[in-house]
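J.: Could you work out the structure for the sequence below:
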Amino acid sequence: MSKHLNPLEKEFLIHQYKLNGQIKLRAFCAVHHISESAFKSWLKKYEEGGLEGLARADAEIRSVLPEGIDRTEEAYKREILRLRIENERLKKNYALVRKADGQTAYVRLKPKNSQS
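T.: Okay, the predicted model is just below:
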């Protein structure tokens with residue numbers, strides 16, 4: 001059964017799957033209670049469009065913008081979407097870290113009120 005996850009959570013799971021090259025897709029999906037077809041779809045969208053691809057940015061922008069609108073307005077709408085996703089990331093207490101090999105990954109931060 002597929003969960004309803006926001007784009008940031010989907011991206012986080014994709015990164016987790018890619019980091020562990022030894023786990024099979026079926027096992028990974030079973031552990032996270034995600035259907036294989038949904039996860040494959042997320043992978044494809046992420047490969048094609050990154051985080052915006054997961055958010056279905058193109059479909060949202062095309063439905064909002066009438067024909068003939070200057071592309072700079074589309075760029076503003078993409079930036080708004082990117083900022084909304086970033087805001088969601090911050091609310092969920094994720095940090096974006098850059099690894100030694102140059103790749104980026106999301107890690108969940110400990111709550112501020114934790115004493116450990």
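
J.: So what's the gap between the host helix or strand of Phe39 and the chain middle?
T.: Phe39 belongs to helix 36-54 when assigned by DSSP states H and E. In terms of Cα atoms, centre = their mean, to the nearest Å, the centre of helix 36-54 is found 8 Å from the chain centre.

J.: ok, the closest residue to Glu47 other than its chain neighbours - how many residues close by?
T.: Spatial nearest neighbour of Glu47, excluding adjacent residues (Cβ to Cβ, 6 or more residues apart in numbering): Gly53 at 7.8 Å. For the C-beta atoms, the positions are set from N, CA and C on the backbone; glycine is no exception. For Gly53, the count of nearby residues is 18 (other Cβ atoms under 10 Å).

J.: now Phe28
T.: Neighbour tally, Phe28, other Cβ under 10 Å: 16.

J.: Does it belong to a helix, a strand or coil?
T.: helix (DSSP: H, G, I helix; E, B strand; the rest coil).

J.: how much space is there between the closest residue in space to it that isn't next to it in sequence and Glu86?
T.: Nearest residue to Phe28, sequence neighbours excluded (Cβ to Cβ, 6+ apart): Tyr17, at 5.2 Å. Using Cβ to Cβ, to the nearest Å, we find Tyr17 at a distance of 22 Å from Glu86.

J.: And those two? Which one has more around it.
T.: Tyr17 (18 against 14).

J.: Having no further points to raise, I will conclude here.
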